[in-house]
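1. With the sequence up front, the predicted model follows.
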Amino acid sequence: MAIPTESIGSIPRPDYLIAGMSELADGKIDAKEFAALSDRALDDTIERLTATGSPVLTDGEQTKPSFATYPLQGIDNLAPDGAVIPFADGHTRQLPRLTAGPFRYGTFAVSYLDKAKTVASGPVKQPVIAPSALSLLYPADGVPGYPREEFLADLAGEAESDIRQCLDAGAASVQLDFTEGRLSLKLDPSKGLLRGFVELNNTVLDRFSDEDRARIGVHTCPGGDQDSAHSLDVDYADLLPDLFELHAGTFYLQLASEPDRRRVLEIIRDNRKPGQRVFVGVVDPIDPRVETAEEVRDRVLEAVDVLGADGLGTCDDCGFAPFADDVSTSRDTAFAKITARVEGTRLAGEQLGV
């Protein structure tokens, strides 16, 4: 396919897997029984993704508790009353709060990648959480005996290891999920928080070679959970100039749900740097209606008209179920949207003759 296309990450979990997560937590099933459910969900996810024609596969984040908190599995220096993320429909998600140092990951993303590669017959990308998101674990009033500067140094080291293990294990690409970027402008319109996030992420990205960074991408969106977003009302124009200061090779940008897509494309054109690839969102996971392949084709052609075809790809706006308990979108709908994206991208390529 001349115009590349990739999934962002999460796909709604089957009912039996969601039930199994609860049963495991409640002690009703053991780890071996849950592993069998996980294997079944992974096999089905990769089989169905392959059937859509997706040239790059993922595990659909089937066994992650959420896109953001998977590194926290297995660590015990956390309290539940951390930062609260409000969504437009009134519901919230809450991060844990770090209670003691040092900070170490309990789970690394390579464990998901290794499992997916045993099933997939094609290249596999691996989403990871950006260190900027995990920096929100550190409380405003500090942690006794563990200064913030020491925490950030530890966090950078763990994030580097998370990415590097995936690259070394043969990931086709590693995608940093950076949904907190747009949200930061809602919390701090001065852009101080956003620029601090960019600086922290670059501290990690700069530890990789140019060759490695060509395989590292950054995904941004206004959040997506239970058919609601947390920062869609924040102007993209306030985010994108700073976003493209990140030292990554690829950017996966939510676009389908934007009310004025062409304006955003023009901002992308004016701010992306030479050599930076841009994947634009052409299907909206929050919209229950399944886009047609022709609609996707037209969105791709609009993007080509503004950005050109060189270095352009397509993606979903965001994951379909970034939190494991989100059942607002069905698996069938998610795979139908992915199929439309793949087919519409192919149609656009045919029309362009590329």
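-> Everything's here; your move.

2. Do you have the helices of the stretch 51-200 of the chain handy? List them.
-> All helices of the stretch 51-200 of the chain, identified by DSSP state H, counting those that start in this stretch, fall at 110-117, 131-134, 148-168, 180-187, 192-205.

3. can I get these in CSV with distance to residue 67?
-> To be clear about C-beta, it is placed using only N, CA and C from the backbone, and glycine gets the same treatment. CSV is the format used below for these (distance: least, Cβ to Cβ, whole Å):
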stretch, distance to residue 67
helix 110-117, 11
helix 131-134, 9
helix 148-168, 13
helix 180-187, 11
helix 192-205, 16
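
4. Residue 214 is nearest to which of those?
-> helix 148-168 (10.6 Å; Cβ to Cβ).

5. list the contacts for residue 127?
-> Going by Cβ atoms under 8 Å, 6 or more residues apart in numbering, residue 127 touches 8-10, 58, 61, 67, 109, 174-177, 219, 319.

6. Pairing partners for the top strand by length along the chain, with directions?
-> Longest strand of the chain, by residue count under DSSP state E: strand 277-283. Under the criterion DSSP bridges, strand 277-283 sits next to strand 250-253 (parallel), strand 312-316 (parallel) in its sheet.

7. which of the helices of the stretch 51-200 of the chain sits most buried?
-> Across the helices of the stretch 51-200 of the chain, averaging neighbours per residue (mean count of other Cβ atoms under 10 Å) puts helix 131-134 on top, at a mean of 25.

8. what's next to it, contact-wise?
-> Applying Cβ under 8 Å, 6+ apart, the set of residues contacting helix 131-134 is 68, 71, 155-156, 158-159, 177-181, 196-198, 200-201, 203-204.

9. Can you give me the buried ones in the very next helix or strand once past the longest strand of the chain?
-> Next helix or strand after strand 277-283 toward the C-terminus (DSSP states H and E): helix 293-307. Buried residues in helix 293-307, counting neighbours by 16 or more other Cβ atoms under 10 Å, are found at 293, 295, 296, 297, 298, 299, 300, 302, 303, 304, 306, 307.

10. Now do the last one against residue 277, distance only.
-> For residue 307, the distance to residue 277 (Cβ to Cβ, to the nearest Å) stands at 10 Å.

11. ok so, going back, distance to residue 188 and pLDDT added to the buried residues of helix 293-307, as CSV?
-> CSV is the format used below for the buried residues of helix 293-307 (distance: Cβ to Cβ, whole Å; pLDDT from 0 to 100):
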residue, distance to residue 188, pLDDT
293, 40, 98
295, 36, 98
296, 35, 98
297, 39, 98
298, 37, 98
299, 32, 98
300, 35, 98
302, 32, 98
303, 30, 98
304, 35, 98
306, 30, 98
307, 30, 98
